[in-house]
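Have a look at this fold, sequence not included:
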């Protein structure tokens, strides 16, 4: 069995760490990688600080098959991701004509010309391939195993959609769940027994509070759909509850 | 000037990395630490895997003044945080009578006795101090500079409230912002000039999409409120727009 590609996600942004903004892109990336069998294994959030970005990026790209980043690719002074990525790879960065052309086309379509700030978004580390997106003209880029994308969720999502078809794939993870209306402690021993028996599945237990009551969702995940289904049938037999609807998960 | 204490947050949870659950606790922790002058500097999210937890925790606790964790402290087989923290510190873990008493009181209040699963939540690494909370009876704990808390947002929030008064403090960071109704590229050069002039402030520019239009919030952050106000006045003078209401920030 070939193991799935393993991925890490580096979120670059003071606004997440200051509490101004609630992070939104981890879930988008996770839900895009799962179906193609890429295992998102670690996330880091660091400040808009060159040393912090370089250090985290070099650690992650050496450890994981794939790395994704979000944030810091706009036209303003606090957008330092492209320069930091170039520094991490030890390559020069400069204005790229194909990136400039994308920005110029978009400006022209609005009857404008590029200003100095926008031109900054055409600076791309040497050796990178552009990641285009239909929402904004400014491209992200891929260099080595690192995919550099925008932080604005709508643009991030468009870039993820552009990148997914280019990635190595593995065996997709499928999941199914049950919802149980009693405390975790009451079925923990039974659940541990089932988890040991189905050691090829990842079985997690997640309490939640909804419509004024506490309940627990037990999720079985694995690469063999039939086995996941067997696990869920066993959970229902032994613990009870009802099948959960993943889309309605809290 | 004494630098602020620096903190890291380790989120433990397959459910975040699989995309099942959107992470909610980073923002809660960040908004609790800001007002007491503790700088949240890094976040990591790792899987429910002992080696991953031990490695991340040992790296973070050596680097930062304070570390917080969320997740993996419930009664089920997939809750491995307490054991992993004990392993990271190289200390034994066992049933703690004061933790058991908290759980027993809560069970008795509902006319119940503790079951085996619930008793698992009274296992605490040697040398730790309990972190109580009013929502669930199960305590978190502090060992060294590491604060171990629940992942369920309502319980996490209660534990953060219990922990905050025990922390070392620094100079609170205050922020103010303006909202500008034109593209970042159009004012990037002016903004860079102001950022260079106000180098004692962190000035960030965050595009967003709301009510069908694009706009930008420019946020100035710093420890000197008068200086933040000066910065905002300069931003309004040079770039225009109007004062933003941080509470309404996207």
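Received it, and whenever you're ready, just let me know what you need. Since this is a predicted model, take the numbers as computed values, not measurements. Residues are numbered from 1 along each chain as shown, chains lettered A, B, ... in the order given.

Mind telling me what element residue A:219 is part of?
Following DSSP states H and E, one finds residue A:219 within strand A:213-222.

for residue A:98, same thing?
Using DSSP H and E, residue A:98 falls in helix A:97-109.

residues making contact with that helix?
Contacts to helix A:97-109, defined as CB atoms under 8 Å, 6 or more residues apart in numbering or on different chains, come from residues A:113-114, A:118-119, A:121-124, A:130, A:132, A:136-139. C-beta: built from backbone N, CA, C; applies to glycine.

Show me which residues of it are buried.
A:99-100, A:102-104, A:107 (16 or more other CB atoms under 10 Å in any protein chain shown).

Kindly reformat these as CSV and extend each row with pLDDT.
CSV is the format used below for the buried residues of helix A:97-109 (pLDDT from 0 to 100):
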residue, pLDDT
A:99, 97
A:100, 96
A:102, 95
A:103, 95
A:104, 95
A:107, 91
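
List the contacts of the residue located most distally from the centre of chain A.
Centroid-distance maximum for chain A: residue A:111 at 35.5 Å, with CA atoms, centre = their mean. If a contact means CB under 8 Å, 6+ apart, then residue A:111 has no contacts.

mind checking the SS state of it?
coil (DSSP: H, G, I helix; E, B strand; the rest coil).

residues near the closest residue to residue A:180 other than its chain neighbours, how many?
Nearest-residue entry for residue A:180: residue A:241, 3.6 Å, with adjacent residues in sequence omitted and distances by CB to CB, 6 or more residues apart in numbering or on different chains. Using other CB atoms under 10 Å in any protein chain shown, residue A:241 is surrounded by 18 other residues.

was I right about residue A:241 contacting residue A:179?
Yes - between residue A:241 and residue A:179 there is a contact under CB atoms under 8 Å: 5.4 Å.

residues shared between the contacts of the two?
Shared contacts of residue A:241 and residue A:179 (CB under 8 Å, 6+ apart): residue A:218.

returning to that earlier point: rebuild the buried residues of helix A:97-109 as JSON lines, extending it with distance to residue A:30.
Formatted as JSON lines, those follow (distance: CB to CB, whole Å):
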{"residue": "A:99", "distance to residue A:30": "28"}
{"residue": "A:100", "distance to residue A:30": "33"}
{"residue": "A:102", "distance to residue A:30": "28"}
{"residue": "A:103", "distance to residue A:30": "30"}
{"residue": "A:104", "distance to residue A:30": "35"}
{"residue": "A:107", "distance to residue A:30": "34"}
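
Of all the residues in stretch A:15-29, which ones are buried?
Residues of stretch A:15-29 classed as buried by neighbour count (16+ other CB under 10 Å): A:15-21, A:23-29.

and if you look at stretch A:123-141?
For stretch A:123-141, by 16+ other CB under 10 Å, it's A:123-125, A:128, A:130-133, A:136-141.

so which of those also contact chain B?
Near chain B, judged by CB under 8 Å from any CB of the partner chain, there are no entries from those.
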